[in-house]
Structure formats: C-alpha cells, structure tokens
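A.B. asks: build the 3D model from these lines:
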Amino acid sequence: MNDPFPPQKQSQPGREHLMTPPPEVIRADYRGTGKLDGKVAVITGGDSGIGRSAAVHFAREGARVVIAYLEEQRDAEETREMVEAEGRDCALFAGDLGDPGCAAGLAEAAIEAFGTIDILVNNAAEQHFVDSLEEVTPEHWERTFRTNIHACFYLTRAALPHLGQGASIINTTSVNAYKGNPSLIAYSSTKGAIVSFTRSIATSLAPRGIRVNGVAPGPVWTPLIPATADESGIPSFGESTPLGRAGQPSDCGPAYVFLASEDGRYITGQVIHPNGGYIVNG
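C.D. replies: Below you'll find the predicted structure:
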C-alpha cells in the first residue's frame, strides 16, 4: 500500500504543480511502439491529471497533441514540455468548452495546427462535494452539467466534420456513474449521462467507421482531489478500493492508448474500468 497523501487544499480549478506528491504521469518503464504514429489527438482537460497522462502516452506512441484547458496556464505549458520531450508537437488552447462557440474554436484550432483530428478525448470535468441534496444549488447543477456533458456534446459535434474512417472518440466517465456517490450528486449524474452519450453516438457513428468508447476511472490522484475534497480525508484517499490504494494517472493512460489505437479497432460503445477493483455493471 502506498504512503498516505499529506493533507492539502487548493481552490478550483486545481493545479498539478502544487500537488504533494506530484501524480505519476507515465510509468518510467512504459515503452511506446508507434501505435499512434502520424495521428493527431485533441484532449480536453489535458493540462493535468488523466488528460495529461493521456497526452504523454499518446506522444510516446507517436501522436501530435492539442491540449485544451480552462485557465491553468503553467500546468498546460508543463504538459506541452512533456509531449515535446517525447519528440512530438503540441498545441495549446485555453477556454471554457461549455460555450459552444469555444468548442467550435477548439476544433478549428486543431485543424489549423495539424490539419486533421484522428482522436478526440472528452476529459475535462469539475466536481463539488456536498453533504446533502439540498446543498446542490441550481447554479451548481447547471455549471457541472455545462462543463462535464454539454461541453462533451458541443466539441464532439464541432469535431465530427473532421473525423474520418478509423477515428476514435474517447469520453471520460467515472466509477461514480455506476455506483453513485451521495457526496457528488451532480458530478455522478453527468458521468452517467456521458455513458449514455457514449453508447448512443457509438451506434450512430459506427456506419461511418468512427469508434466511440469511454474510460471510467475510480479514485485517481489528480488536481480535482485537493481542489474539492475535504482536506482531512485526503490521507486515506483511495484506500476503500479493493486494491487498497488510489490510482495514478499512469494507471489510466494506457486505456486511452488501447481505445485510440488499432488494438481497439473492434471495440465501440464500451467502457474500460481502471477503478482499483470495484465491481460495476456495464
């Protein structure tokens, strides 16, 4: 079992460069084999956490990457440095993708930078812990849906004209979509919506040769945790999983590679569960 995380608190959105210890982005022994050579990936929430891990894994496998983020400029720059250290180009795009115009701007920026989009990862999210349903205000509810599922729809729709045969869309959902979480009511609801969105458009886009899948992480050490969780609970974060520890972004990155690559060419409408051992249906 890993050592407990020290208590720490940040404001939203969290910053990876302020986390102690820093998350593991990619295992030192992860060996790229060119699975994504020549591909272009757009990753939302790619400045940190699971999005950063997906970006670096994709780069090690040969892809160029567009990183979208809200305002976390330092983290985004550090992610770009990591991608470029793998010998791949990386472009940055800042903005609130809950605005349909911003989402369209991201798709246009990706085409301007690299000429195509082969992989779309809808990963950006926010969450807010509550003690009861009464604490979920209409503003909290609407903001969480705008960030987590509306942006997913807006960007997928904007990117679709640029996605051809063999393209892959990967949506980040959560273990909470399956087991629920009384402290994350709005967040869990959006993640359930993402599962249904994934399955619905997988069927819709299959005739075009575009695959759509999801990844449903369990508790993972990302900036969302110090930015939203009760500081007193951080030392025990993740210990309730059957494996007895929180996940690292590096535990999730390879799932995105698998779904984006030819290894996953016969898989669509499915969800991979790197969740530490929770048994879920679906």
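A.B. asks: got the end-to-end distance for stretch 225-233?
C.D. replies: Chord length of stretch 225-233, first to last residue, is 10 Å (CA to CA, to the nearest Å).
A.B. asks: and that stretch, what's buried?
C.D. replies: Ile225, Pro226, Ala227, Thr228, Ala229 (16 or more other CB atoms under 10 Å). All C-beta atoms are positioned from the backbone trio N, CA, C, and that covers glycine.
A.B. asks: Phe237 against Val220, yeah?
C.D. replies: No: using CB atoms under 8 Å, Phe237 is not in contact with Val220, being 9.6 Å away.
A.B. asks: quick check: phi and psi on Val66?
C.D. replies: Note on Val66: its backbone torsions stand at phi -110, psi 120 [degrees, to the nearest 10].
A.B. asks: number of nearby residues for it?
C.D. replies: Val66 sits with 27 neighbouring residues when counted by other CB atoms under 10 Å.
A.B. asks: what does Val280 give?
C.D. replies: Val280, neighbours per other CB under 10 Å, totals 14.
A.B. asks: next one: Lys179
C.D. replies: Using other CB under 10 Å, Lys179 is surrounded by 14 other residues.
A.B. asks: mind pulling up the pLDDT for it?
C.D. replies: pLDDT recorded at Lys179 is 94.
A.B. asks: surely it touches Ile279?
C.D. replies: No: Lys179 is beyond contact range of Ile279, at 9.1 Å (criterion: CB under 8 Å).
A.B. asks: could you say which helix or strand holds Ser183?
C.D. replies: Assigned by DSSP states H and E, Ser183 belongs to no helix or strand.
A.B. asks: how many other residues sit next to it?
C.D. replies: 17.
A.B. asks: grab the nearest non-local neighbour of it.
C.D. replies: Using CB to CB, 6 or more residues apart in numbering and skipping the chain neighbours, the partner closest in space to Ser183 is Phe129 (4.9 Å).
A.B. asks: only alpha carbons, please: show stretch 79-97 as PDB.
C.D. replies: Coordinates of each C-alpha in stretch 79-97 appear next as PDB, following Å, rounded to 0.1, in the frame of the first residue of the first chain:
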ATOM      1  CA  THR A  79       2.300  19.200 -20.300                       C
ATOM      2  CA  ARG A  80       3.400  20.700 -23.600                       C
ATOM      3  CA  GLU A  81       7.000  20.300 -22.500                       C
ATOM      4  CA  MET A  82       6.400  16.700 -21.600                       C
ATOM      5  CA  VAL A  83       4.800  16.000 -25.000                       C
ATOM      6  CA  GLU A  84       7.700  17.800 -26.800                       C
ATOM      7  CA  ALA A  85      10.200  15.800 -24.800                       C
ATOM      8  CA  GLU A  86       8.700  12.700 -26.400                       C
ATOM      9  CA  GLY A  87       9.600  14.300 -29.800                       C
ATOM     10  CA  ARG A  88       6.000  15.300 -30.700                       C
ATOM     11  CA  ASP A  89       4.400  18.600 -31.500                       C
ATOM     12  CA  CYS A  90       1.900  20.000 -29.000                       C
ATOM     13  CA  ALA A  91      -0.600  23.000 -29.400                       C
ATOM     14  CA  LEU A  92      -2.400  24.600 -26.500                       C
ATOM     15  CA  PHE A  93      -6.000  26.000 -26.500                       C
ATOM     16  CA  ALA A  94      -7.500  27.900 -23.500                       C
ATOM     17  CA  GLY A  95     -11.200  28.400 -23.000                       C
ATOM     18  CA  ASP A  96     -14.500  27.300 -21.500                       C
ATOM     19  CA  LEU A  97     -15.800  24.500 -23.600                       C
END
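A.B. asks: great, nothing more from me.
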